[in-house]
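Asks: turn this into a model:
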Amino acid sequence: MVATARREEKFASLRAAGADECLCDGGEIAGQVRATKALELVGPKTLRDTLRCVERGGIVCDTGILGGVYRLDGFDPVKDIPNGVFLTGFFSNFPSRTAVDEMMAFIRAHGIRPRIGAVYPFPKIAEACAALDAGSADGKIVVTV
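Replies: Below is the predicted model of the structure:
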């Protein structure tokens, strides 16, 4: 599995999570890696680049909106999706009870645990947002209520 991050300081966390190879994503990784499958977590901001990293017959699943861009202006499927590459998506808002139960069973069965970078009480939510913006948490930010 190949994982990307904007800063090399994140590579140790990615390797601990199972990455075999880590790439520093400076805005374009096409040409640095070829994959059969890609999970696009950033979303529209990097989707075109991710599509160019996938081999013919490969699949890109877009599920993210982390890049601050929420739609693909001017997206042309004929030009932007390489020949033979498949694009799909996953939207998890309002999942069914069955879908949540299946996901939780999978998480329990495989012992998956999120990497928690920092925990903030609700009155310190401004500090949590600052850590999120700075990318300094090295994992998920949790706000307790």
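Asks: find the centremost residue of the protein, please.
Replies: residue 41 (2.4 Å; CA atoms, centre = their mean).
Asks: how close does the residue nearest to that residue when sequence neighbours are not counted get to residue 50?
Replies: In space, residue 41 comes closest to residue 64 once its chain neighbours are excluded; the distance is 3.8 Å by CB to CB, 6 or more residues apart in numbering. Where C-beta positions appear, they are placed from N, C-alpha and C, glycine not excepted. From residue 64 over to residue 50 the distance is 10 Å, taken as CB to CB, to the nearest Å.
Asks: residue 114 too?
Replies: 23 Å.
Asks: relative to its centre, which residue of this protein is most distant?
Replies: Farthest out in the chain is residue 123, which, by CA atoms, centre = their mean, sits 28.2 Å from the centre.
Asks: now it: how far from residue 142?
Replies: 14 Å.
Asks: who has more neighbours out of residue 114 and residue 50?
Replies: The neighbour count for residue 114 versus residue 50, taken as other CB atoms under 10 Å, is higher for residue 50 (24 against 10).
Asks: SS state for that one?
Replies: helix (DSSP: H, G, I helix; E, B strand; the rest coil).
Asks: domain ranges for the protein?
Replies: The record's domain split for the chain, according to automatic domain parsing, is 34-113, 114-145.
Asks: next SSE downstream of the longest helix anywhere in the chain?
Replies: Longest helix in the chain, counting residues (DSSP state H): helix 97-109. Towards the C-terminus, the helix or strand next in line after helix 97-109, according to DSSP states H and E, is strand 116-121.
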